[in-house]
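>>> heads up, no residue letters with this:
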């Protein structure tokens with residue numbers, strides 16, 4: 001099952017204290033499912049860019065933890081650096097990579113902004129695609145005056161009040177959060193230390209002063225050299241090579257040249273291919289001529305097509321004890337969550353359902369979190385059963401070994417009861433979302449919403465059987481009864497949801513369910 005992936009490229013106002021950067025990185029990597037792809041620290045800028053990816057809710061949590069950690073460790077009153085900034089976590093953009101839309105990334109950014117403002121007391125400004133006002137789409141407008149200027153203006157100028165959080169700055173400053181398309185952070189170093197030349201070239205190339213579209217540029221002094229620091233916000237419409245050549249020509253006017261260039265963070269592969277194609281004058285070039293592309297395509301074509309979930313279904317059909325019914329139940333629940341997300345996505349962007357757009361965006365994010373958790377439950381259930389089997393294989397030659405074996409059997413059996421109970425809980429949450437999907441979503445996808453609810457109900461039923469069979473073997477009957485009582489409550493709620501789903505489908509679609 002393909003999960004949505006989002007990228008976060010957060011900028012923190014620290015590079016000179018490695019221990020602080022490490023602490024922020026640890027906050028990010030402490031979230032399961034989040035992968036740190038790149039770190040770029042610049043001592044002159046006194047700024048670190050961390051790039052990480054993962055499922056939307058996991059990345060959002062990692063961003064929140066990193067913002068909280070940066071606020072603890074970075075004091076803007078004591079910060080100096082060449083790069084403009086207004087916060088300890090200066091800017092935190094989300095970039096949809098796969099399986100999610102820009103609008104979903106916007107919703108993710110706004111959720112994070114509200115949480116940072118309310119829980120951390122840090123003023124938050126929304127920018128780019130997530131901006132609530134046209135004048136805040138451009139990061140430069142939001143960051144005008146930097147931390148020192150904003151510290152006064154936020155108190156006196158209503159136009160500088162944040163989207164979330166207090167209208168006052170602490171030592172962590174403010175944070176700019178948004179959603180955007182991929183950009184390239186690219187610096188060109190000149191063969192001079194005269195920063196005024198870099199400033200003039202930056203003015204010539206940036207869009208805001210009449211230069212190239214989709215180019216943002218500043219001139220500054222870095223490592224004893226004049227630097228043109230840039231963000232290229234749409235490399236497809238303004239290619240990298242075109243920007244570099246314009247800088248080269250402008251530099252020649254002042255009798256200087258390009259010393260070297262620097263990439264900050266990561267770059268999309270097509271941007272490098274475009275630059276190579278331009279400089280090598282490969283007018284007839286096709287991406288398929290790249291060796292690695294051809295090898296990958298051949299590898300993909302060599303295998304016979306597999307049905308969705310083929311590997312898991314093959315394992316399920318084997319003669320092995322795992323995966324079993326508990327894993328299959330989690331798999332069914334994950335499929336139900338995926339269908340809920342599908343119905344919501346079929347609703348978003350349609351004028352007829354504009355009134356429920358925000359609700360559907362929230363459903364998508366919640367459904368994807370549930371899908372991820374239930375997919376993880378497939379492995380967790382198998383692992384729990386294997387722990388029980390391993391406990392039964394422990395030696396029992398002495399009274400001490402017998403006691404330890406009995407203790408571990410009971411602990412593993414309790415865990416094997418709790419895992420499917422969690423699957424049951426998640427399945428009911430999927431049913432809750434499915435009810436919203438059939439009640440407010442695209443009427444043409446009613447059957448899909450109903451199927452989602454049915455799959456989630458099946459997941460609950462299967463998980464419930466596993467809870468009961470394992471609870472039966474628990475010696476602590478109080479704990480066993482507590483598990484069964486919680487399961488009974490979930491089943492009662494599922495009965496109510498099932499009836500509501502059937503009613504909604506009949507009322508909106510004019511047909512009954514089963």
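Received it, and whenever you're ready, just let me know what you need. All figures in this text were calculated on a predicted structure; none of them were measured in a lab. Numbering: from 1, shown residues only.

>>> In contact with the residue lying closest to residue 342 once chain neighbours are set aside, which residues?
Excluding the flanking residues, the one nearest residue 342 by CB to CB, 6 or more residues apart in numbering is residue 448, at 6.0 Å. C-beta coordinates here come from the backbone N, C-alpha and C atoms, glycine included. The contact partners of residue 448, by CB atoms under 8 Å, 6 or more residues apart in numbering, come to 339, 342, 343, 346.

>>> run the last query once more with 7 Å
339, 342, 343 (CB atoms under 7 Å, 6 or more residues apart in numbering).

>>> And residue 431, by the same measure?
With CB under 7 Å, 6+ apart, residue 431 has these contacts: 453, 456, 457, 494, 497.

>>> how far is the helix or strand containing the first one from where the chain is centred?
To tie it back to what came earlier, the one meant is residue 453. Assigned by DSSP states H and E, residue 453 falls within helix 446-471. Here helix 446-471 is found 28 Å from its chain centre; the criterion is CA atoms, centre = their mean, to the nearest Å.

>>> show me where the stretch 1-150 of the chain has helices.
With DSSP state H, counting those that start in this stretch as the criterion, the stretch 1-150 of the chain has helices at 18-29, 56-73, 102-115, 139-142, 146-156.

>>> List just the one of those helices that sits closest to residue 203.
Of all the helices of the stretch 1-150 of the chain, helix 139-142 sits nearest to residue 203, with 13.1 Å by CB to CB.

>>> what does the average pLDDT come to for the closest one?
The average pLDDT within helix 139-142 is 92.

>>> And stretch 81-97, by the same measure?
pLDDT averaged over stretch 81-97 gives 94.

>>> Then stretch 486-497?
pLDDT averaged over stretch 486-497 gives 95.

>>> Show me the contact partners of it.
Residues outside stretch 486-497 that contact it (CB under 7 Å, 6+ apart) are 421, 424, 425, 428, 431, 432, 435, 457, 460, 464, 467.

>>> Check stretch 261-279 too.
9, 37-38, 40, 49, 51, 182, 184-189, 235, 239-241, 244, 285, 287.

>>> hmm, try it at 8 Å
Against stretch 261-279 from outside (CB under 8 Å, 6+ apart): 9, 37-38, 40, 42, 49, 51, 182, 184-189, 235-236, 239-242, 244, 282, 285, 287, 290.

>>> Any of these buried? List them.
Neighbour counting by 16 or more other CB atoms under 10 Å classes 9, 40, 42, 49, 51, 182, 184-189, 235, 239-240, 242, 244 among these as buried.

>>> quick one: pLDDT of residue 40?
Model confidence at residue 40, expressed as pLDDT, equals 86.

>>> likewise residue 368?
We have a pLDDT of 85 for residue 368.

>>> neighbours around it, how many?
If you count neighbours by other CB atoms under 10 Å, residue 368 ends up with 23.

>>> and if you look at residue 225?
Applying other CB under 10 Å, we find 19 residues neighbouring residue 225.

>>> before we move on, what about residue 17?
Residues lying near residue 17 (other CB under 10 Å) number 13.

>>> Verify the stated contact: residue 369 with residue 55.
Yes. Using CB atoms under 8 Å, residue 369 is in contact with residue 55, at 7.3 Å.

>>> what's the single longest helix in the protein?
When the chain is parsed with DSSP state H, its longest helix is helix 399-440.

>>> Run the chain-centre distance for it.
Per CA atoms, centre = their mean, the centroid offset for helix 399-440 relative to its chain is 27 Å.

>>> If you compare the directions of that helix and helix 446-471, what angle comes out?
160 degrees (axes from the mean of the first three to the mean of the last three CA atoms, to 10 degrees).

>>> quick one: which of residue 369 and residue 55 has more around it?
The neighbour comparison of residue 369 against residue 55 (other CB under 10 Å) goes to residue 55, with 24 against 18.

>>> got any ranges where this structure has weak pLDDT?
Across the chain, residues meeting the criterion (pLDDT under 70) sit at 1-3, 295-310, 514.

>>> Please enumerate the strands of it.
5-12, 35-42, 47-54, 89-98, 124-128, 175-179, 184-190, 215-222, 225-232, 258-264 (DSSP state E).

>>> Need the max-distance pair from the contacts of stretch 486-497.
Pairwise distances across the contacts of stretch 486-497 peak at 23.4 Å for 435 and 467 (criterion: CB to CB).

>>> of the two, who's got more company?
Taking neighbours as other CB under 10 Å, residue 435 and residue 467 compare with residue 467 leading, 25 against 21.

>>> Distance of residue 79 relative to residue 178?
Using CB to CB, to the nearest Å, we find residue 79 at a distance of 22 Å from residue 178.

>>> Which of those two has more residues huddled nearby?
A direct count of neighbours by other CB under 10 Å for residue 79 and residue 178 places residue 178 higher, at 26 against 18.

>>> Restricted to helices, list the contacts of residue 448.
339, 342, 343.

>>> Could you tell me how many residues sit around residue 18?
Residue 18 - counted by other CB under 10 Å - has 11 other residues nearby.

>>> how close does the residue nearest to it when sequence neighbours are not counted sit to residue 20?
In this structure, residue 18 finds its nearest non-sequential neighbour in residue 41, 8.0 Å apart by CB to CB, 6+ apart. Residue 41 is 10 Å from residue 20, where distance means CB to CB.

>>> Same question for residue 131.
30 Å.

>>> ok, now residue 471?
Taking CB to CB as the criterion, residue 471 is separated from residue 20 by 48 Å.

>>> And these two? Which one has more around it.
residue 471 (24 against 20).

>>> Return the residues in contact with that one.
The contact partners of residue 471, by CB under 8 Å, 6+ apart, come to 417, 480, 483, 484.

>>> my read: the first one touches residue 464, true?
It stands for residue 417. No. Using CB under 8 Å, residue 417 makes no contact with residue 464, being 10.9 Å away.

>>> quick one: common contacting residues for the two?
Common neighbours of residue 417 and residue 464, counting by CB under 8 Å, 6+ apart, are absent.

>>> was I right about residue 57 contacting residue 368?
Yes. Under the criterion of CB under 8 Å, residue 57 makes contact with residue 368 at 7.2 Å.
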